[in-house]
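A.B. asks: From the sequence below, what's the structure:
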Amino acid sequence: MARPQKCRCICSIPKTTCFEPAGGAAETVTVGYDEYEVFRLLDYERFSQLQCAERMRISRATVARMYENVRRKLAEALVQGKRIVIAGGDVVVCAKIKPECAGAPHCCHRRKETGGP
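C.D. replies: Numbers count the residues shown, from 1 in each chain. From the prediction side, this is the model:
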């Protein structure tokens, strides 16, 4: 019997949750909120897999698997001209700035406080 999946901690739900090629798309690739968060932390914020795992409260091996999955999905969408929808996943969204986010320039809660994007 497989272990139950841990609930993953994410900073926020992204403002933009759908990307569509010019001219529309017949098919859709769905990226979970947790997969998006892994992609954001590793590629945009430049975290290590260990730092990402600690932030999301999951194992480093889980981060590696999720990163491989989200990269495959994004590559499929870009190469085959599919719509990308960000939705779903077993996640908990932070209600306020966590101590580990205190110096994070792109924290969603910091943007709310400063009125930024």
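
A.B. asks: In the host helix or strand of L74, which residues are buried?
C.D. replies: Using DSSP states H and E, L74 sits within helix 60-80. Buried residues in helix 60-80, counted by 16 or more other CB atoms under 10 Å: 62-63, 66-67, 70, 73-74, 77. From N, CA and C alone the C-beta is placed, and that goes for glycine too.

A.B. asks: Pretty sure V63 sits against R55.
C.D. replies: No. The pair V63 / R55 is not scored as a contact, 9.5 Å apart, by CB atoms under 8 Å.

A.B. asks: returning to that earlier point: pull the distance from the helix or strand that the helix holding L74 is followed by to the chain's centre.
C.D. replies: Using DSSP H and E, the helix or strand that follows helix 60-80 in sequence is strand 83-86. Taking the mean of its C-alpha atoms, strand 83-86 sits 12 Å from the chain's own mean (CA atoms, centre = their mean, to the nearest Å).

A.B. asks: Tell me which other helices or strands strand 83-86 touches.
C.D. replies: Packing partners of strand 83-86 (3 or more CB pairs under 8 Å, 6 or more residues apart in numbering; DSSP states H and E): strand 18-19, strand 28-31, helix 60-80.

A.B. asks: make it 6 Å
C.D. replies: Other elements packing on strand 83-86 under the criterion 3 or more CB pairs under 6 Å, 6 or more residues apart in numbering; DSSP states H and E are strand 28-31.

A.B. asks: List the strands paired with the strand it packs on, with their directions.
C.D. replies: In the sheet, strand 28-31 lines up against strand 83-86 (parallel) (DSSP bridges).

A.B. asks: Next, the buried residues of the partner strand.
C.D. replies: In strand 83-86, counting by 16+ other CB under 10 Å, buried: 83-84, 86.
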